[in-house]
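Student: Quick check, what structure comes out for this input:
(4 chains)
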There are 2 protein chains.
Amino acid sequence: MVIALNAGTLLSMGSRVQGARERARIEIVAAIKAEARRQLASDGAAKLSLRAVARELGMVSSALYRYFPSRDDLLTALITDAYDAVGEAAEQATAGSGGAADSPPARWLAVCRAVRAWALEHPHEYALIYGSPVPGYAAPQSTTVAASRGALVMFGIAQDAYDSGALREPTRGSAAPDALARDMAEIIERLDIRLPAPLVVELVAAWSELFGLISSELFGQFNRVVTERDAFFGHAVARLADQVGLGGGSAVLPGE
Amino acid sequence: MVIALNAGTLLSMGSRVQGARERARIEIVAAIKAEARRQLASDGAAKLSLRAVARELGMVSSALYRYFPSRDDLLTALITDAYDAVGEAAEQATAGSGGAADSPPARWLAVCRAVRAWALEHPHEYALIYGSPVPGYAAPQSTTVAASRGALVMFGIAQDAYDSGALREPTRGSAAPDALARDMAEIIERLDIRLPAPLVVELVAAWSELFGLISSELFGQFNRVVTERDAFFGHAVARLADQVGLGGGSAVLPGE
DNA sequence: CCAAAGCAAGAGCACTGCTCTCGAAGTTGG
DNA sequence: CCAACTTCGAGAGCAGTGCTCTTGCTTTGG
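Tutor: Numbering: from 1, shown residues only, chains lettered A, B, ... in the order given. Below is the predicted model:
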């Protein structure tokens, strides 16, 4: 005896699911993604097989195409999820253990460590988003919002430090070239932050370099070169913090 | 009428090729690699197909297995070649235009630009070596020698600067943790350089971060974020130079 | 209650990496 | 010079892949 709910009501209620059909659909989509993630973790993106996923789920391969029109679409879904996961890891790192009360350098370090930890735990998912993009495949627009989540955390830390005056101007070396002003203005507006453009340049560079450090470790560039990875990463990341004006001078970093 | 040459003589003469058979073999191997590189450039590593390579070369697919026992072996060969290519690009950047006579910061910048330029010209080959490793595949020991070629160039620049006293000690921020001393000693010995361990830590970090910058640009992380890529890269790399003690203070960088 | 839409299943196409066998070439020692 | 030996190319074949199309069945909604 279900009370009549027309489509309009449902739409206005947002996330409420109507029939058993749709309920089954989102469950199946979730099951497919879960199984795909499992195979991704064990064999890597290149060996992710639609047929194998279907087989494991007890369905025939062609049925899977009702939920994901192609293999790349499945991968895109996983990519978006991965961006969300690393973004959430970063956010939780600032929220936890004192959270915003901690000093900006400590939060910076915590976020970097959290991102690295996530990457080490989910190497193939990390490779999916920060490694080489699959075949000729270009990440669709939809992923960009999820992608900026992590960066936003870093920018938030810098914003707090800047607002409280704890940020040293990063004027060492040559200043940021004027050509970048337009790009930075765009970023500042889109992320709704209030920071000077030169600082944003440093932040973007630091964010990018952070993934250089993580990728190098994860993709084997440090094999037989760096064995004390925790110590190396901690030091390098502290230097990145210094580069953007955090943690220099009097502030004492919780060192290795 | 061929003068008798036994195996010993040939071995002692090194690269001399004997029969038409071996001559043909190295030619065919080269042709296979060339065609594979062509397909790599157009379709990416994941779509590199042994059958397609063979087809294009007018041979049957099974014949190809006489030269490369598996697809991964072909990829390994391409990886080694790619490491060599980027290493050579880096070396030529220091050799050309004044070469060692140029100031260390200028050479540093030139090398970074050369590596980036090579990456932009050969994105798929770059992805092969600095992107996510293919499937579950671990790069064999043989690639490590070629891999260190590029890093060696950077270390050489730092060495020259250090020897001539032009290097500022990079003591800003926290010092490198002691745990890294062992790793750095190993690097110093293997690369036959004479630099203090803390400096080597900074160099390794900078080398790693350099590939973060390049990978971010190449793998789409800068899409709709940074459009003035030359300017951004130049600035970020100059800051990396500063980080390792090059180019700070009085030296004037040929800025953007 | 019945048409419409969503769905699973199967067959099938073109492709892949890789193995095995079988003759034809090339190489080498007597 | 020729017989034994090795290397090679070609073909067939296996197991797997992404993806499409058709055929019925079930759920849904007017």
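Student: What count of nearby residues applies to A:Glu35?
Tutor: The number of residues packed near A:Glu35 is 17, by other Cβ atoms under 10 Å in any protein chain shown. Where C-beta positions appear, they are placed from N, C-alpha and C, glycine not excepted.
Student: per-residue pLDDT, it?
Tutor: Confidence per residue is given as pLDDT, and for A:Glu35 that number is 98.
Student: now A:Ala146
Tutor: Per-residue confidence (pLDDT) for A:Ala146: 81.
Student: Could you tell me the phi and psi values at A:Ala45?
Tutor: Geometry field for A:Ala45 lists phi and psi as phi -60, psi -40, criterion degrees, to the nearest 10.
Student: Could you list which residues are in contact with it?
Tutor: For A:Ala45, the contacting residues are A:75, A:124, A:127-128, A:134, B:132, taking Cβ atoms under 8 Å, 6 or more residues apart in numbering or on different chains as the criterion.
Student: Return the closest of those residues with respect to B:Met154.
Tutor: Among these, B:Ser132 lies closest to B:Met154 (Cβ to Cβ), at 23.7 Å.
Student: how many neighbours does that closest one have?
Tutor: The number of residues near B:Ser132, taken as other Cβ under 10 Å, comes to 26.
Student: same thing with A:Gly150?
Tutor: Summarising burial for A:Gly150: neighbours were counted as other Cβ under 10 Å, giving 26.
Student: pLDDT below threshold where in chain A?
Tutor: Using pLDDT under 70 as the threshold, the predicted model of chain A has low-confidence ranges A:1-18, A:96-101, A:134-142, A:170-174, A:248-256.
Student: coming back round to it: please identify which of the contacts of A:Ala45 is nearest to B:Gln92.
Tutor: When those are compared for distance to B:Gln92 (Cβ to Cβ), B:Ser132 comes out closest, at 28.0 Å.
Student: Need phi/psi at the closest one.
Tutor: Backbone torsions of B:Ser132, given as degrees, to the nearest 10, read phi -70, psi 140.
Student: Tell me the spacing between it and chain A.
Tutor: Remark: distance between B:Ser132 and chain A (Cβ to the nearest Cβ, to the nearest Å) = 3 Å.
Student: Roughly how far does the closest residue to DNA strand C within the stretch 1-150 of chain A sit from A:Arg51?
Tutor: Scanning the stretch 1-150 of chain A for proximity to DNA strand C using Cβ to the nearest atom of the strand identifies A:Ser62 as nearest, at 2.9 Å. Distance of A:Ser62 to A:Arg51, computed by Cβ to Cβ, to the nearest Å: 10 Å.
Student: element containing A:Ala36?
Tutor: For A:Ala36, the element it lies in under DSSP states H and E is helix A:20-43.
Student: for the very next helix or strand once past that helix, the distance to its chain's centre please.
Tutor: Using DSSP H and E, the helix or strand that follows helix A:20-43 in sequence is helix A:50-56. Taking the mean of its C-alpha atoms, helix A:50-56 sits 27 Å from the chain's own mean (Cα atoms, centre = their mean, to the nearest Å).
Student: ok, the contacts of A:Ala45 vs A:Val225, which is closest?
Tutor: Using Cβ to Cβ, the shortest approach to A:Val225 within the contacts of A:Ala45 belongs to B:Ser132, at 18.6 Å.
Student: wait, isn't the closest one in contact with A:Glu125?
Tutor: No. Proximity of B:Ser132 to A:Glu125 does not meet the contact threshold set by Cβ atoms under 8 Å, at 10.6 Å.
Student: circling back to that earlier point, secondary structure and distance to DNA strand C for the contacts of A:Ala45 - can I get that in a markdown table?
Tutor: Formatted as a markdown table, those follow (DSSP: H, G, I helix; E, B strand; the rest coil; distance: Cβ to the nearest atom of the strand, whole Å):
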| residue | secondary structure | distance to DNA strand C |
| --- | --- | --- |
| A:Leu75 | helix | 18 |
| A:His124 | helix | 20 |
| A:Ala127 | helix | 20 |
| A:Leu128 | helix | 21 |
| A:Val134 | coil | 16 |
| B:Ser132 | coil | 18 |
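Student: And those residues, which two are furthest apart?
Tutor: Greatest spatial distance in those: A:Leu75 and B:Ser132, 12.8 Å, computed using Cβ to Cβ.
Student: Can you pull the residues that touch both of these two?
Tutor: A:45, A:128.
Student: show me where the stretch 101-250 of chain A has strands.
Tutor: In order along the chain, the stretch 101-250 of chain A carries no strands (DSSP state E, counting those that start in this stretch).
Student: nearest spatial neighbour of the residue in it positioned nearest to chain B, skipping sequence neighbours?
Tutor: Minimum separation of the stretch 101-250 of chain A from chain B (Cβ to the nearest Cβ) falls at A:Gly212, amounting to 1.9 Å. Nearest residue to A:Gly212, sequence neighbours excluded (Cβ to Cβ, 6 or more residues apart in numbering or on different chains): B:Gly212, at 1.9 Å.
Student: just checking, the one you found touches A:Leu210?
Tutor: Yes. Using Cβ under 8 Å, B:Gly212 is in contact with A:Leu210, at 6.8 Å.
Student: ok, so what distance separates A:Ala24 from A:Ala31?
Tutor: Computed as Cβ to Cβ, the A:Ala24 to A:Ala31 distance reads 10 Å.
Student: So if I had to pick from these two, which one is more boxed in?
Tutor: Set A:Ala24 next to A:Ala31 and count neighbours by other Cβ under 10 Å: A:Ala31 wins out with 15 against 11.
Student: Do a quick rundown of the helices in the stretch 101-250 of chain A.
Tutor: Taking DSSP state H, counting those that start in this stretch to define them, one finds helices in the stretch 101-250 of chain A at A:104-121, A:123-130, A:142-163, A:181-191, A:197-218, A:229-243.
Student: Next, the buried residues of the fourth one.
Tutor: Just to be clear, that refers to helix A:181-191. Within helix A:181-191, the residues that qualify as buried by neighbour count (16 or more other Cβ atoms under 10 Å in any protein chain shown) are A:181, A:183-184, A:187-188.
Student: Columns distance to B:Leu152 on top of these, output as a markdown table?
Tutor: As requested, these are exported to a markdown table (distance: Cβ to Cβ, whole Å):
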| residue | distance to B:Leu152 |
| --- | --- |
| A:Ala181 | 37 |
| A:Asp183 | 34 |
| A:Met184 | 35 |
| A:Ile187 | 36 |
| A:Ile188 | 40 |
